[in-house]
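S.K.: Let's see this in three dimensions:
(2 chains)
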Amino acid sequence: MKVTLTVNGRAADLDVDDPDMPLLYALRDGLALRGPRFGCGLAQCGACTVHVDGKAVRSCVYPLRSVGKGKVTTLEGLGTSAHPHPLQQAFIDEQAVQCGYCINGMIMQAKALLDSTPHPTEGEIKDALARNLCRCGTHLRIVRAVKRAARVA
Amino acid sequence: MANARLSRRDFLKTSGSLVVAFSFGPLLETAGRAAMADGAALKAVSLDQVDSFLSIGVDGTVTCYSGKVDLGTGVRTALTQIVADELTVALDKVRLIEGDTLLTPDQGPTYGSLAIQVGGMQIRQAAATARAALMSEAAKRWQVAPGELTTADGAVRTKSGARRISFGELVGGKEFSLSLDTGAPLLDPAQYRFVGRSISRLDIPGKVSGEFTYMQDFRVPGMLHARVVRPLAIGAQLASVDESSVSGIPGLVKVVRDGNFLAVVARTEWGAIRAAQQLKASWSDWSGLPDESRLWEHVRATRIVKNDITSNVGRTEQALPRAAKRLSATYDFAIHTHGSIGPSCAVAEFRDGKLTSWSASQATHNLRKQLASMLSLPEDQVRAIYVEGAGCYGRNGHEDAAADAALLARAVGQPVRVQWMRADEHGWDPKGPPTLIDLEAGLDTAGRVVAWHSQFYVPAGAAGTVPLVTAQLASLPHETGMSPGNIINDTALPYAFPNVLTVAHRLADTPLRPSWIRTPGRMQNTFANEAFLDELAIAAKTDPFEFRVRYLDDPRGIELLKRLQAFAKWQGRTSSKHSGGDTVTGRGVAYVKYELYRTYVGAVATVEVNRTTGAIRVKHFAVVQDCGQIINPDGVKNQIEGNVLQTVSRTLKEQVTFDRSRVTSVDWASYPILTFPEIPDVDIALIDRPTEKPWGAGEPSAAVVPAAISNAVCDAVGVRLRSVPFLPQKVLAALKSV
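M.R.: Model (predicted):
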């Protein structure tokens, strides 16, 4: 079956076997995007986070059929290494990466927070990211990066 | 294109511009395949040749071939700084190729905090040799004495500045054909432009924008997707497989069965996942694991194959009974899993009987040997290439996934990508083994330590190679021994007590396949040593800083502890304060001289303990580290922050659980790790010694974390936690017992 997704402002046609396939595989395998990452497939770690109509969702369990006409935004939709989004720039400025595998989720979850709460407290940042896991222990830098992005916004 | 042949010279000429961020550019691939087909070496890879480590293109681009790889620690940037400085070229003129058995020298696996200390120094010496050779070549051309020349910005010039020739013009595209000179003069560290500075990591812009290629993103043309179906019990036999259970899955290519190895291969990733979920297979029962609730009795009862005496000073057995006061305690440290956020992934391709394996292995040269052995191939018919994956904290599942992919690629005759699912990683990656430690010590009437005796119950074996689970399941050739890492390091002490006996009882077996996890052994051993030392200091009614310094005869160690005492604003042990309600605050210190010969690190933890719930909240860590010459201060701080947070997680929360058949902590709900609301603040002071050797920074600071927390909890509530993880129920039980 054919599915049309709107991803990062562009319409993309995909051929899929199963409308219950999680969005993650459409993005990674169908559209060759690398921002959203497979981490657990259980909505436990947040590495796969994307936005659907501005809301942060776990794409590893989000069925394709639930996307409908929703507008999907991935990490790639924020900015590029040449022209990073202020939030991406804040992660660069704070060197808030070790392996970086979780960082997609951190940025996308933080983006959803900043969209609704432009000047969060440190506690609000930590609560917003409470369900995003990082194994390298980059948390302190990630919090600093989100704070910095809120400051420059 | 696929069959194009490149001469070695062409390859070297073009490699600089080709190899941007990844070590698998298409042309490089082609060159590699051509070389493999020839059975010829593409370039030197031996440790004694400059060409093994470095080449200079006609445009002056320097390509550095590193056997050590960046596991997400920033080593790529640090190595680039080292090369750029020693060759006096701009940072952006240096390209790094990592962990490719065809192109890079075997500098040993990337573990043990040795990437800079060993790998980086080999590369620095190669660069120094190259720089001397470049000057000597220019001297010959200009007929001047080499002493009149110097180098700067990728060129040799006369000291007067009258003549200048770029490296590219001098040797671009040619080989050095030069032995690495271990005596080649290094630059005076005062001349370094990059080493010692917090250069921004080269990989971060790509990683925050979805442009970086992780192993999990890597694709080759014609590639199929596979998922493994592991046995329901670790030692179960596969009785039967009902292939009709997956016949309706679109794109299914094959169900592959080889002994107890079972996997599905499909055209799409989702097809492979569905097939793995739906495949009906029946397995025999197996219940060979010990009873988890009696794990420590099991460890104590395991047969000892040998005793390693790691230190023996004086006559401990005579001195102990004569001590005025004797203390003894038993410590234990749970089984841990690596828990990389991205599960293991690999791609394998066979071409003309030759295997190319892409994986995030920390040891591609060892992996090549293992894959060759498993598939009965000559080693030179296997090429293993590193592609960075999610953070790797030791030997996790990458090598096993690489073996899965290799077996499947051979079975289906097409390139295969294997992505482990979360339960595969948590359930089947090798584990940090359980560690049990008995300690006994004696004090004299003045509170001085007269004797120390420790016994460690840990699996036999060292680093080496961990048997591939694929080979075990498929009954293909594999190692039979255990490789838990060099886990007896730091069993001996940095303290000069008159009588010391430290013994590691090496066990014949351990419940789950063991391997090394960040700071293997050093963490467990330092936990027991530094917490028991705190017990002695309390018994001697002495401040723990003063107690440690009293027994150190090492000026760098003493300086470190003094710096830490000031940095942490230490005000003595009785810092225990009620912070309102049931919560009590305490502080504790721990110290290690890593492996007794390198990196010094000390930490002060500040914790809050809730007497009602038993919950420990680690509020703050102050860390001081001396790792000699610092290549990138912010990179070192990033590693220390990571070590502290990861080890707070391991200490407070983590333990692998299992029943008699299998691991039962197979996701993040059953194996919880530290979350944002639980993180401590961390302050770090680095002691930089620019003229000393650089020592490891990737793991030493993790070693002091568990003891610092145990000591802080004891300061707060007066009970001693001797069993990691420090779960609330253990805290409550300890509080009840006093």
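S.K.: just for chain A, where's the confidence low?
M.R.: Across chain A, nothing is flagged by pLDDT under 70.
S.K.: what are the phi and psi angles of the most centrally placed residue in it?
M.R.: Among the residues of chain A, the one closest to the centroid is A:M108, at 3.3 Å (C-alpha atoms, centre = their mean). Here is the backbone geometry of A:M108 (degrees, to the nearest 10): phi -70, psi -40.
S.K.: Surely it touches A:A47?
M.R.: No. Counting by C-beta atoms under 8 Å, A:M108 stays clear of A:A47, with 9.8 Å between them. No exception for glycine: its C-beta is placed from N, CA and C like everyone else's.
S.K.: Close to chain A: what parts of the stretch 1-150 of chain B are there?
M.R.: Within the stretch 1-150 of chain B, the residues that sit near chain A (C-beta under 8 Å from any C-beta of the partner chain) are B:L71, B:G72, B:T73, B:G74.
S.K.: Just give me the closest of those residues to chain A.
M.R.: Chain A lies nearest to B:G72 out of the residues of the stretch 1-150 of chain B next to chain A, by C-beta to the nearest C-beta, at 2.7 Å.
S.K.: How about the contacts made by the closest one?
M.R.: Going by C-beta atoms under 8 Å, 6 or more residues apart in numbering or on different chains, B:G72 touches A:Q98, A:C99, A:G100, A:Y101, A:C136, B:E388, B:A390, B:G391, B:C392.
S.K.: helix/strand/coil for it?
M.R.: What DSSP: H, G, I helix; E, B strand; the rest coil gives for B:G72 is coil.
S.K.: quick one on the thing from earlier: next one: the residue nearest to the centre of chain A from A:G68, what distance?
M.R.: 20 Å (C-beta to C-beta, to the nearest Å).
S.K.: still on that earlier bit, can you tell me the closest non-neighbouring residue to the residue nearest to the centre of chain A?
M.R.: Nearest residue to A:M108 in three dimensions, chain neighbours excluded: A:T49, at 4.1 Å (C-beta to C-beta, 6 or more residues apart in numbering or on different chains).
S.K.: thought B:R274 was touching A:P22?
M.R.: No. B:R274 lies out of contact with A:P22 (C-beta under 8 Å); the separation is 11.1 Å.
S.K.: Name the nearest residue to A:R131, sequence neighbours excluded.
M.R.: Nearest non-adjacent residue to A:R131, counting by C-beta to C-beta, 6+ apart: A:G46, 6.0 Å away.
S.K.: One more: B:S46?
M.R.: Leaving aside its sequence neighbours, B:S46 sits nearest to B:S52 (C-beta to C-beta, 6+ apart; 5.7 Å).
S.K.: That neighbour and B:S376, how far apart?
M.R.: For B:S52, the distance to B:S376 - C-beta to C-beta - is 29 Å.
S.K.: With B:T599 instead?
M.R.: 42 Å.
S.K.: Neighbour count: those two, which is higher?
M.R.: Neighbours were counted for B:T599 and for B:S376 using other C-beta atoms under 10 Å in any protein chain shown; B:T599 has more, 24 against 8.
S.K.: domains for chain B, by residue range?
M.R.: Chain B breaks down by automatic domain parsing into domains covering B:8-200, B:215-285+B:338-428, B:435-737.
S.K.: ok, now chain A?
M.R.: Listed by automatic domain parsing, the domain ranges of chain A are A:2-75, A:86-152.
S.K.: gap between the two ends of the longest one?
M.R.: Spelled out, it's domain A:2-75. 24 Å (C-alpha to C-alpha, to the nearest Å).
S.K.: Run the chain-centre distance for it.
M.R.: 10 Å (C-alpha atoms, centre = their mean, to the nearest Å).
S.K.: With the last one instead?
M.R.: Centre-to-centre, domain A:86-152 and its host chain are 11 Å apart (C-alpha atoms, centre = their mean).
S.K.: which strands and helices sit next to the helix or strand harbouring B:L564?
M.R.: Here B:L564 sits within helix B:555-567, counting by DSSP states H and E. In this structure, helix B:555-567 packs against helix B:544-550, strand B:583-593, strand B:600-610, strand B:616-626, strand B:681-686, with contacts taken as 3 or more C-beta pairs under 8 Å, 6 or more residues apart in numbering or on different chains; DSSP states H and E.
S.K.: just to revisit the earlier point, is it possible to get CSV of the contacts of B:G72 that adds neighbour count, distance to B:V719 and secondary structure?
M.R.: Shown next, in CSV, are the contacts of B:G72 (neighbours: other C-beta atoms under 10 Å in any protein chain shown; distance: C-beta to C-beta, whole Å; DSSP: H, G, I helix; E, B strand; the rest coil):
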residue, neighbour count, distance to B:V719, secondary structure
A:Q98, 29, 34, coil
A:C99, 29, 37, coil
A:G100, 27, 40, coil
A:Y101, 28, 38, coil
A:C136, 29, 32, coil
B:E388, 28, 43, coil
B:A390, 32, 37, coil
B:G391, 28, 34, coil
B:C392, 28, 36, coil
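S.K.: residues contacting B:I558?
M.R.: By C-beta under 8 Å, 6+ apart, the contact set of B:I558 is B:V549, B:L552.
S.K.: Write down the beta-bridge partners of the residue nearest to A:M108, one by one.
M.R.: Here A:T49 sits in beta bridges with A:R58, going by DSSP bridges.
S.K.: Tally up the residues packed near it, please.
M.R.: The burial count for A:T49: 32, using other C-beta under 10 Å.
S.K.: Remind me which helix or strand B:A319 belongs to.
M.R.: helix B:316-322.
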